[in-house]
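1. next come a sequence and a model predicted from it.
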There are 2 protein chains.
Amino acid sequence: MRKGIKDVARLAGVSVGTVSHVLNHPELVTPETAQRVRDAMDELGYVRNEPARQLALRGRSELIAMIIPAITDVFFLDVVDGAQQAALLAGAELMVASSEHDLEREQRQLQTLEQRRVRGVLLSPAVDASLDGVRALQRRGTPLTLIGPAFGRRGFCSVSIDERSGGRQVGEHLAAAGHRRVAYAGTPLAVHHVRERFEGLVEAVPEAQVTAVDVAGWQPGGGLPALAELLAAPAARRPTAVFCANDLIALEALAECAARGLSVPGDVAVVGYDDMPFTRSAAVSLTTVAQPQEEMGRRSVELLLREDADGATHRHRSVLLQPQLVVRGSSAAQRRRAG
Amino acid sequence: MRKGIKDVARLAGVSVGTVSHVLNHPELVTPETAQRVRDAMDELGYVRNEPARQLALRGRSELIAMIIPAITDVFFLDVVDGAQQAALLAGAELMVASSEHDLEREQRQLQTLEQRRVRGVLLSPAVDASLDGVRALQRRGTPLTLIGPAFGRRGFCSVSIDERSGGRQVGEHLAAAGHRRVAYAGTPLAVHHVRERFEGLVEAVPEAQVTAVDVAGWQPGGGLPALAELLAAPAARRPTAVFCANDLIALEALAECAARGLSVPGDVAVVGYDDMPFTRSAAVSLTTVAQPQEEMGRRSVELLLREDADGATHRHRSVLLQPQLVVRGSSAAQRRRAG
DNA sequence: CCGATCGATTGAAACGCTTCATAACGATCC
DNA sequence: GGATCGTTATGAAGCGTTTCAATCGATCGG
């Protein structure tokens, strides 16, 4: 049914070798012959058979695959975007799959990618994934770089973000504005990046009293009762700043303040994390921390391609990216009453 | 370097045919032999060569590809998610690529997908794409279904959303609440879905005066001067409701109201579109229109697989999905002063 | 005018797999 | 005991491509 190189050869009156040459080494073929072959291709609607090609070349495809834990996680949008740009520059294609935080799916996807002989894999592992399978794959010759926290991940290239620095930047900003009582609203500290940010914060405000507010179980629109309670305290004990583990929580913190008649940033400063698009559009524009997602994607592709190029002489690298505090209205610097 | 089926055969002391059988037709092989072969595979770290397999089977892969116009467009997150679920159910893999609104990239991606002999393609075309290339691809035997507006796209299966109905639902909601002056804030009406929503709105509020506010050039945090001007009018001429073409604009409209001391929904009702996560967390929770993205993805995969199964007898189908008004605080029903 | 040289083209081998017709081998039956 | 059968294993053919050694003409220097 489908036309192959042979049909083209017959129609053009040349051998299959020649047809292949016009595809891969046009300089070896007379322009006229080449044209005749191309005409034949058009006429037949010839489409190269990539699997066959790959087989003959006993090689890798130009496909880079990226596995992320959840396709609906907006954090990865720009990571993918950056990776895509870098891949394009290198003449490779990028495709994305999602493990949905399921270790088994992750393994299966890695397996089919290896079977497809992809050029390399960018992996942001499902949370508590054991990396044994990944190591094996790598040993068998598929380059792989890790995206996300690098701890305990020797033997791989990896790109991660300095979460602690993000917390520290927020802390320094708040300390400079004279805050002495700050609340940290986040999901359980057991989650790696949530804790790192917290510790960065604490580190940077040694003279302040920091209260961790666990919002486990929170979901958008659900309110923040634990935080509300804190804000209900008399002014002298009430936190003067709230640092939230992400922007959505921060937006809701804003609402809690408004509901209590507390002005932001007058009475309470609010800081988010992630710099999502809506942070600029909120009633009080949100101070937040921008993450270098796009760069994360870009660098990970670069590491991957380098690993591929280096071959046996390769030495793994870990890249640590810096987040960036973005000061906006919700924490605007101002004179504070003594607190 | 890499081990093949032959190496496995040699090590297990069987023929290549047998090895292949344990992979594809285990029932034809004695359990003991099968075990021996599997042990050999493990020992050698054998990984199936998918391209070779595909070639031998002269067939399609189990890979479904989806091309979206922009990887950073949050709208598609749940579309991809739904598609992924459906694909998984059907035993296929889904991979995503993005054309970045570039017709040329889209074409190139379609081409490499065809060369890879994917099982089918879900395409959300770059805006003003001509579909000729796509038609050719389809004629050559790659099933393809379209995601997005169906107009002028005969000859394909497609899944789209009834944008007009979304506008109508908002209109009916506002009309029922007694609004007589409503503003529509959106990017140029030339954009298909923006216009459709507008027309739905107008259709549903025949007795009201509707003002279209063009926010072309707007970006998050930029403010909405055109809308602000409207809101600055004396109460008797000021719109009592603002319908925004997306939630981000609506959030900003909320801020404009607050800045002018207008209460929402008391003085002005605000309605958004898309039902993004933050709509529940805003100071005034946002009335908006939820889009059936996840279903969109699911249905498109179903159509694709059906087309693949039907073969020549296939008749194209168009599915039109209904969006769903979600009423929240920013337009809460209430007694209105005569307006 | 002949051998050498060069450029264009050819055809076959190889890539790793699946499958199919065939063989090998017991067990079963008359 | 020989024919027949069923089960299991075999090896060669074929999938569509690329590449490489070989071929074929034509051109060139002497």
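-> Thanks, I have it. Treat the numbers as computed from the prediction; the structure is a model and nothing was measured.
2. from here on, contacts and neighbour counts on C-alpha atoms
-> Will do.
3. and A:Val210, what does it touch?
-> Going by C-alpha atoms under 8 Å, 6 or more residues apart in numbering or on different chains, A:Val210 touches A:Arg181, A:Val182, A:Ala183, A:Tyr184, A:Val202.
4. give me the buried positions along the biggest helix by length in chain A.
-> Ranked by residue count and defined by DSSP state H, the top helix of chain A is helix A:293-310. Across helix A:293-310, burial judged by 16 or more other C-alpha atoms under 10 Å in any protein chain shown covers A:293-308.
5. likewise for stretch A:114-126?
-> Here stretch A:114-126 shows A:114-126 as buried, counting by 16+ other C-alpha under 10 Å.
6. on that earlier part again, quick check, nearest of the buried residues of helix A:293-310 to DNA strand C?
-> A:Asp308 (18.7 Å; C-alpha to the nearest atom of the strand).
7. make sure that closest one is actually in contact with A:Pro143.
-> Yes. With contact defined as C-alpha atoms under 8 Å, A:Asp308 counts as touching A:Pro143 (5.9 Å).
8. return the member of the buried residues of helix A:293-310 nearest to A:Lys6.
-> A:Asp308 (34.1 Å; C-alpha to C-alpha).
9. now do the same contact list for that closest one.
-> A:Arg119, A:Gly120, A:Pro143.
10. any chance of these in JSON lines, with distance to DNA strand D too?
-> Putting the contacts of A:Asp308 into JSON lines (distance: C-alpha to the nearest atom of the strand, whole Å) gives the following:
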{"residue": "A:Arg119", "distance to DNA strand D": "17"}
{"residue": "A:Gly120", "distance to DNA strand D": "20"}
{"residue": "A:Pro143", "distance to DNA strand D": "22"}
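11. touching, A:Thr279 and A:Ala290? I think so.
-> No. Counting by C-alpha under 8 Å, A:Thr279 does not reach A:Ala290; the two are 10.7 Å apart.
12. how about the strands in chain A?
-> For chain A, the strands defined by DSSP state E cover A:63-68, A:93-98, A:120-123, A:144-147, A:157-161, A:181-186, A:209-214, A:241-244, A:269-271, A:288-290, A:318-321, A:324-326.
13. pLDDT (mean, whole number) over the fifth one?
-> Across strand A:157-161, pLDDT averages out at 95.
14. ok, now the last one?
-> On average, the pLDDT along strand A:324-326 is 98.
15. where does pLDDT dip in the stretch 201-339 of chain A?
-> A:333-339 (pLDDT under 70).
16. residues from chain A in reach of DNA strand C?
-> Contact residues, chain A versus DNA strand C (C-alpha under 7 Å from any atom of the strand): A:13-18, A:21, A:27-30, A:33, A:52, A:55-58.
17. if we can go back for a sec, out of the strands of chain A, deepest packed?
-> Burial of the strands of chain A is given as mean neighbour count (mean count of other C-alpha atoms under 10 Å in any protein chain shown); strand A:269-271 ranks first at a mean of 30.
18. spell out which residues of the stretch 51-200 of chain A are next to chain B.
-> A:51-52, A:54-55, A:71-72, A:74, A:77-78, A:80-81, A:94-97, A:114-117, A:140 (C-alpha under 8 Å from any C-alpha of the partner chain).
19. what about the helices in the stretch 101-250 of chain A?
-> All helices of the stretch 101-250 of chain A, identified by DSSP state H, counting those that start in this stretch, fall at A:103-115, A:132-139, A:163-176, A:192-204, A:225-231, A:247-259.
20. what packs against the third one?
-> What it means is helix A:163-176. helix A:192-204, strand A:324-326 (3 or more C-alpha pairs under 8 Å, 6 or more residues apart in numbering or on different chains; DSSP states H and E).
21. contacts for the last one, please.
-> Read that as strand A:324-326. A:Gly166, A:Gln169, A:Val170, A:Asp275, A:Thr287, A:Thr288, A:Val289, A:Ala290, A:Gln291, A:Pro292.
22. 7 Å instead?
-> Applying C-alpha atoms under 7 Å, 6 or more residues apart in numbering or on different chains, the external contacts of strand A:324-326 come out as A:Gly166, A:Gln169, A:Val170, A:Thr287, A:Thr288, A:Val289, A:Ala290, A:Gln291.
23. same question, stretch A:73-84
-> Defining contact as C-alpha under 7 Å, 6+ apart, one finds that stretch A:73-84 is touched by A:Leu94, A:Gln293, A:Glu294, A:Glu295, A:Met296, A:Gly297, A:Arg298, A:Val301, B:Ile71, B:Thr72.
24. re the thing from before, export the helices of the stretch 101-250 of chain A to CSV and tack on distance to B:Val327?
-> Shown next, in CSV, are the helices of the stretch 101-250 of chain A (distance: least, C-alpha to C-alpha, whole Å):
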stretch, distance to B:Val327
helix A:103-115, 37
helix A:132-139, 47
helix A:163-176, 36
helix A:192-204, 33
helix A:225-231, 24
helix A:247-259, 18
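25. do you know which of those lies nearest B:Gly155?
-> Of all the helices of the stretch 101-250 of chain A, helix A:103-115 sits nearest to B:Gly155, with 33.2 Å by C-alpha to C-alpha.
26. give me the contacts around that closest one.
-> A:Ser99, A:Ala126, A:Ala129, B:Val47, B:Arg48, B:Asn49, B:Glu50.
27. so for the residue lying closest to the fifth one once chain neighbours are set aside, what's the pLDDT?
-> So that's B:Arg48. Leaving out its chain neighbours, the residue that sits closest to B:Arg48 by C-alpha to C-alpha, 6 or more residues apart in numbering or on different chains is A:Gln115, at 5.4 Å. Looking at A:Gln115, its pLDDT stands at 95.
28. compute the first-to-last residue distance for stretch A:94-110.
-> 15 Å (C-alpha to C-alpha, to the nearest Å).
29. would you mark the buried spots in it?
-> A:94-103, A:106-107, A:109-110.
30. centre of the chain to it, how far?
-> In this view, stretch A:94-110 has its centroid 15 Å away from the chain centroid, taken as C-alpha atoms, centre = their mean, to the nearest Å.
31. what about A:Arg2, neighbour count?
-> 12 (other C-alpha atoms under 10 Å in any protein chain shown).
32. relative to A:Gly45, how far out is it?
-> From A:Arg2 to A:Gly45 the distance is 9 Å (C-alpha to C-alpha).
33. hmm, back to that, tell me the angle of the longest helix of chain A relative to strand A:93-98?
-> In terms of direction (axes from the mean of the first three to the mean of the last three C-alpha atoms, to 10 degrees), helix A:293-310 departs from strand A:93-98 by 120 degrees.
34. and the pLDDT at the residue in the stretch 1-150 of chain A positioned nearest to chain B?
-> The stretch 1-150 of chain A approaches chain B most closely through A:Pro51 (4.5 Å), counting by C-alpha to the nearest C-alpha. On pLDDT, A:Pro51 comes in at 96.
35. who touches it in this structure?
-> A:Pro51 neighbours (C-alpha under 7 Å, 6+ apart): B:Pro51, B:Ala52, B:Gln54, B:Leu55, B:Arg116.
36. just those: which are in helices?
-> Using DSSP H, the subset of the contacts of A:Pro51 located in helices is B:Pro51, B:Ala52, B:Gln54, B:Leu55.
37. of the residues you listed, which is the nearest to DNA strand D?
-> For the ones in helices among the contacts of A:Pro51, the nearest to DNA strand D is B:Leu55 (4.6 Å; C-alpha to the nearest atom of the strand).
38. report the contact partners of the closest one.
-> Listed by C-alpha under 7 Å, 6+ apart, the contact set of B:Leu55 reads A:Pro51, A:Ala52.
39. domain map for chain A?
-> A:5-48, A:63-161+A:293-321, A:163-290+A:326-331 (automatic domain parsing).
40. those domains into a markdown table, with extra columns for distance to B:Gln322?
-> Output for the domains of chain A, formatted as a markdown table (distance: least, C-alpha to C-alpha, whole Å):
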| stretch | distance to B:Gln322 |
| --- | --- |
| domain A:5-48 | 39 |
| domain A:63-161+A:293-321 | 21 |
| domain A:163-290+A:326-331 | 24 |
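41. good, we can wrap up now.
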